[in-house]
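*Asks:* just the structure for this:
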Amino acid sequence: MHNSQRTQRGASAIGIIIILAIIGVGAYIGFQYIPLLIEAGTVDSILSNIEKANEEKPLTSTNQIRGMIDRQLNINQIEELADNFTVTKDEETYTVNVNYERQLNLIYEKKLIETDKTLTLN
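*Replies:* Model (predicted):
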């Protein structure tokens, strides 16, 4: 009499459920982080474009800088950040500051992500 046990091959149903739950949690968090990363990249790009434009031809007024910011926000469809940009002039120096907060809803907590960037133009 030959008594052999069959070994299980593949994943069990509980194993598959655990794997799907881990993937689901990762996707849930990822879907929240990706728009924040895109938005932060867009803000960096706007500040970089202003800096390049100033190097090519010096900007002469806060209204000119504000117009550039508004156009780029419109192009990137994030006009809601317009109020978060401030442009000030101190003698010969222009300062562009952007400051805003976003809330990231994790499963176990809510995390506040703050962005505060400053660009100084001479």
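*Asks:* and the gap between the nearest residue to residue 92 once chain neighbours are set aside and residue 97?
*Replies:* Computed as CB to CB, 6 or more residues apart in numbering, the closest residue to residue 92 that is not its neighbour in sequence is residue 122, at 6.8 Å. Where C-beta positions appear, they are placed from N, C-alpha and C, glycine not excepted. Relative to residue 97, residue 122 is positioned 16 Å away (CB to CB, to the nearest Å).
*Asks:* ok so residue 107 is a strand residue?
*Replies:* No. Using DSSP: H, G, I helix; E, B strand; the rest coil, the assignment for residue 107 is coil, not a strand.
*Asks:* so the closest residue in space to it that isn't next to it in sequence, which of the three states?
*Replies:* In space, and not counting its chain neighbours, residue 107 is closest to residue 25: 6.6 Å by CB to CB, 6+ apart. At residue 25 the chain is in helix, as set by three-state DSSP.
*Asks:* residue contacts, residue 62?
*Replies:* Residue 62 is in contact with 87-89, 94, counting by CB atoms under 8 Å, 6 or more residues apart in numbering.
*Asks:* gap between it and residue 69?
*Replies:* In terms of CB to CB, residue 62 sits 10 Å off from residue 69.
*Asks:* what is in contact with the two at once?
*Replies:* Joint contacts of residue 62 and residue 69 (CB under 8 Å, 6+ apart) are residue 87.
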